[in-house]
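# got a predicted structure plus its sequence, pasted below:
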Amino acid sequence: MIDSHCHLYLCREPVEEILIRAEEHGLTDLVQVATDCETALWGRELAGQSLRGPRVHPTAGLYPSRAEGPWEEQLDVLKSELASGTYVAVGEMGIDLYHDQSYLDRQLKMFHAQVPLALKHNLPMILHIRNSYEEVLGALSEYDGENNLRGVWHCFEGTMDQAKAFVEMGWMISFSGLLTYKKREDLRAVALEIPLESIMIETDSPYLSPVPLRHEKNEPWKVSHVLKCLAGVRGIEPSVLEVILDENTKRFFGLGKT
């Protein structure tokens, strides 16, 4: 089992304990997702340590809110880090218009600064899309024709039409604990409709704990509840679905090469 998206640096408990619990629940790999240069470096260092537990695969990228500050300085560090060849994706990057639309131009500029890095290093992008589907789709349209342009809509909570459009582009959809929430029949409908080969699962730890653990802080092993929910939606044995999702995630991030 693989958690395709978590933020271990935000979890309050010691990372060593989180990794041990993940191993005990059957996780073999997890993707440690950065939001800035500091967390990218943190993830690279963690991945290089000989710790018990699943293999840790770091990413490097600038989260949308970083556009509020002097992100250009961080971009130079990001370029240097990505050149090391130790990261499996560029991200978490994207556009977020949920709370504040006043600095959309800066978010778009930072977005366009990161896409060429993903293309240069032949890495997938982890996209944060919140109230910004049209803006992200418009930005991506500027790279039509780039053969190695690819990515995942992480923590998906869009519409059926939006999911289908992304899948038709050859992109991935990742479901989080939101899929397990009682009122999210809309997400379960999407999860039933789109091709299995286009799906990954995640925790987005320490956020979005799945049912029946919503009162607890989230961590990677709890992705097992997302797996069980998705298996129920698709009418597939969890063990069979686990193999499919693991293959999807390894293929997308190139985990067999790291």
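Nice, thanks for sending it over.

# quick one: the helices in the stretch 1-150 of the chain?
Along the stretch 1-150 of the chain, the segments classed as helices by DSSP state H, counting those that start in this stretch run 15-24, 37-47, 71-82, 104-120, 133-141.

# dump those to JSON lines, plus mean pLDDT, distance to Asn218 and mean neighbour count.
Glycine gets a C-beta too; all of them are placed from N, C-alpha and C. Output for the helices of the stretch 1-150 of the chain, formatted as JSON lines (pLDDT from 0 to 100; distance: least, CB to CB, whole Å; neighbours: other CB atoms under 10 Å):
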{"stretch": "helix 15-24", "mean pLDDT": "97", "distance to Asn218": "10", "mean neighbour count": "17"}
{"stretch": "helix 37-47", "mean pLDDT": "97", "distance to Asn218": "17", "mean neighbour count": "18"}
{"stretch": "helix 71-82", "mean pLDDT": "94", "distance to Asn218": "26", "mean neighbour count": "16"}
{"stretch": "helix 104-120", "mean pLDDT": "97", "distance to Asn218": "26", "mean neighbour count": "18"}
{"stretch": "helix 133-141", "mean pLDDT": "96", "distance to Asn218": "25", "mean neighbour count": "16"}
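
# of those helices, which is nearest Gly170?
Of all the helices of the stretch 1-150 of the chain, it is helix 133-141 that lies closest to Gly170, at 11.5 Å by CB to CB.

# going on from that closest one, what's the next piece of helix or strand?
Downstream of helix 133-141, the next assigned helix or strand under DSSP states H and E is strand 151-153.

# partners of that next one, with directions?
strand 125-130 (parallel), strand 172-175 (parallel) (DSSP bridges).

# elements contacting the helix or strand just after the shortest one?
Translated: strand 172-175. Sequence order places helix 185-193 as the next helix or strand after strand 172-175, per DSSP H and E. Judged by 3 or more CB pairs under 8 Å, 6 or more residues apart in numbering; DSSP states H and E, helix 185-193 is in contact with helix 160-168, strand 172-175, helix 223-234.

# again, 10 Å this time
helix 160-168, strand 172-175, strand 199-201, helix 223-234 (3 or more CB pairs under 10 Å, 6 or more residues apart in numbering; DSSP states H and E).

# before we move on, the earlier item: would CSV of the helices of the stretch 1-150 of the chain with distance to Leu227 be doable?
Output for the helices of the stretch 1-150 of the chain, formatted as CSV (distance: least, CB to CB, whole Å):
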stretch, distance to Leu227
helix 15-24, 13
helix 37-47, 23
helix 71-82, 31
helix 104-120, 28
helix 133-141, 26
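
# let me know which of the ones you listed is the nearest to Phe252.
Short answer: helix 104-120, nearest of those by CB to CB, at 12.8 Å.

# output the contacting helices and strands for that closest one.
The contact analysis (3+ CB pairs under 10 Å, 6+ apart) places helix 104-120 against helix 71-82, strand 90-96, strand 125-130, helix 133-141.

# now render these as a markdown table, adding distance to Leu245.
Listed next are the helices and strands packed on helix 104-120 as a markdown table, based on distance: least, CB to CB, whole Å:
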| stretch | distance to Leu245 |
| --- | --- |
| helix 71-82 | 26 |
| strand 90-96 | 19 |
| strand 125-130 | 16 |
| helix 133-141 | 24 |
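
# determine which of these approaches Ala163 most closely.
helix 133-141 (10.3 Å).
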